[in-house]
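Asker: Sequence plus the predicted model coming up.
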Amino acid sequence: MSGNWGQFMSRFAVVSGTRCSITMIVWCLVAFLLLLNLHSFINHTNRRAITQTNMKIRLHPLFRELEQVEEENIQIPPPRKRSPRAAKRKPRRISSTLVDEFLDENSQIRHVFFPDMKTAIGPNKEMGNETFYFYPGRVWLDTEGNPIQAHGGGILFDEPSKTFYWYGEYKDGPTYHAHKKGAARVDIIGVGCYSSKDLWTWKNEGIVLAGEETNERHDLYKYNVLERPKVVFNEKTGKYVMWMHIDDTNYTKASTGIALSDYPTGPFEYLHSKRPHGFDSRDMTIFKDDDNIAYLIYSSEDNSELHIGPLTEDYLDVTNVYKRILVGQHREAPAIFKHEGTYYMITSGCTGWAPNDALAHAAESILGPWETMGNPCVGGSKMFRLATFMAQSTFVIPLPGIPGSFIFMADRWNPADLRDSRYVWLPLIVGGTPDRPLDYNFGFPLWSRVSVYWHRKWRIPPLWSSVK
């Protein structure tokens, strides 16, 4: 009897277990379908909100002026033999004859990329109605009539004084090659600083962090490398903190440098260099979020990926937190900004001084995951877009008063004469749908496209600072 009862209970348990398993599977399927519907609803709501925001922005009369598209039809001269130096500058992956012309200092169309001083813009030039217009690629003069030297730079807006400060590499020295296979370079002179109230009229505030002439062991020794300086203000300490890429002649040191000042115009005291999180660091930038937490973003692992992590409260070091992003994508020259809670970033490929195609990326959290949305460049010509208008990203400035509008800052490098490298500032608009399916959102974008519009000349819309 007991044996029969045991068999019955065993069968009952199996049947019950089977029913329970089936029930669990059914409920799991129901939960999955509910989550999928919820995701679709949220996604639809987000896309509708994005569409409404984009429509609102596009109806703004000041916006339409920035979004105008200009085309370029650059006539390429007949093929000819290049100088050995020009041929060496061209990356293997780029086959465009337009880039060939750009890299050749003897090109018949060099004036297209590097217009002469006769076309320079600046507050001391007789420009008539052209005052306050940006001309990407032209020589840009300061209030003293000298070419601005702030390459690879960034902008700090100082709230108390309502003043913009532009920091960058001061390259007003001869270009040379340290050795036969070395890249074009200029000795470290220092970090230049310029101030402005309107982002067009720039006063030279001098060299706020100077290079070192004699101490060969110093990071800022003239034969070393100082690139891409960025400055942020720390409200808690009342200090202005500068971060920069520090390297040796052969680019093997691969570190970040930190400097400190009581004033935006310096002088900055150089503190030290380090490899953040123990990794090599080359092209870098600093981003300060709305909550005053600042982040370091840098190219690492031989430029194969980017790392991003918060700084300490005093902005003088990194914390132990960091994330590897864009792994294996070989991106550099990061420029990061934020719009309506979404983080955006523009990066460049790794082709030395030669131009290449930019990519825009987006993330809901600054630590990622980051999605790649495609090339942000609009207008010009196909090759112009694929070469980021012959320039490389360095910073993005929010344009107050016009929602979703920014200024894309880039450098048009001149490897034959680096002091004559030019600035390409263009309007950047957040709006529209991305170019490619995304990896982490089932192919449905949760954010808007980033567009950088080519203009031969453009201006910040009048009264931009008072527009609400």
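Answerer: Now that the structure is in, tell me what you want to look at. Everything numeric here is computed off the predicted structure, so don't read it as measured data.

Asker: so where's the protein uncertain?
Answerer: Low-confidence segments of the chain (pLDDT under 70): 1-21, 26, 28, 30-63, 79-96, 432-446, 463-468.

Asker: give me every residue that touches the residue positioned nearest the centre of it.
Answerer: Centroid-nearest residue in the chain, with Cα atoms, centre = their mean: A335, separated by 1.7 Å. Residues counted as contacts of A335 (Cβ atoms under 8 Å, 6 or more residues apart in numbering) are 285, 345-347, 393-396, 408-409. Using the backbone N, CA and C atoms, a C-beta is placed for each residue, glycine as well.

Asker: now do 6 Å
Answerer: Residues in contact with A335 (Cβ atoms under 6 Å, 6 or more residues apart in numbering) are 346, 393, 395-396.

Asker: Over to H330?
Answerer: 303-304, 350.

Asker: what's the answer for D314, then?
Answerer: When contacts are counted by Cβ under 6 Å, 6+ apart, D314 touches T237.

Asker: one step back: and the contacts of A335, which of them are in strands?
Answerer: Mapping the contacts of A335 onto strands (DSSP state E) picks out 346, 393, 395-396.

Asker: now those in TSV, with distance to I148 and neighbour count?
Answerer: Converted to TSV, those look like this (distance: Cβ to Cβ, whole Å; neighbours: other Cβ atoms under 10 Å):
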residue	distance to I148	neighbour count
I346	22	29
S393	18	27
F395	14	28
V396	18	26
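
Asker: could I get stretch 300-312 in PDB with only the CA atoms?
Answerer: C-alpha atoms of stretch 300-312 as PDB (Å, rounded to 0.1, in the frame of the first residue of the first chain):
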ATOM      1  CA  SER A 300      43.600  55.200 -25.100                       C
ATOM      2  CA  GLU A 301      45.000  51.800 -26.000                       C
ATOM      3  CA  ASP A 302      46.900  53.200 -28.900                       C
ATOM      4  CA  ASN A 303      43.900  55.300 -30.000                       C
ATOM      5  CA  SER A 304      41.700  52.100 -30.500                       C
ATOM      6  CA  GLU A 305      39.100  53.200 -27.900                       C
ATOM      7  CA  LEU A 306      38.000  56.100 -25.700                       C
ATOM      8  CA  HIS A 307      37.900  56.100 -21.900                       C
ATOM      9  CA  ILE A 308      35.600  58.300 -19.800                       C
ATOM     10  CA  GLY A 309      35.400  58.900 -16.100                       C
ATOM     11  CA  PRO A 310      34.600  61.500 -13.400                       C
ATOM     12  CA  LEU A 311      37.200  63.700 -11.800                       C
ATOM     13  CA  THR A 312      37.600  64.200  -8.100                       C
END
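
Asker: in it, what's buried?
Answerer: Residues of stretch 300-312 classed as buried: 300, 303, 305-311 (neighbour count, 16 or more other Cβ atoms under 10 Å).

Asker: Same question for stretch 132-150.
Answerer: Using 16+ other Cβ under 10 Å as the burial criterion, the residues of stretch 132-150 that qualify are 134-142, 147-150.

Asker: E65: which of those is nearest?
Answerer: Distance to E65, by Cβ to Cβ, is smallest for F134 among these, at 12.6 Å.

Asker: pretty sure the closest one contacts W425?
Answerer: Yes - under the criterion of Cβ atoms under 6 Å, F134 makes contact with W425 at 5.2 Å.

Asker: what's stretch 210-228 in contact with?
Answerer: By Cβ under 6 Å, 6+ apart, the residues outside stretch 210-228 that reach it are 152, 187-190, 244-249, 257, 273, 284.

Asker: Just the buried positions in it, please.
Answerer: For stretch 210-228, the neighbour count (16+ other Cβ under 10 Å) marks 210-212, 219-222, 224-228 as buried.

Asker: do the same with stretch 378-394
Answerer: For stretch 378-394, the neighbour count (16+ other Cβ under 10 Å) marks 378-380, 383-394 as buried.

Asker: residues near the closest residue to L367 other than its chain neighbours, how many?
Answerer: Distances taken as Cβ to Cβ, 6 or more residues apart in numbering place K323 nearest to L367, at 4.5 Å, with adjacent residues excluded. K323 has 14 neighbours, counted by other Cβ atoms under 10 Å.
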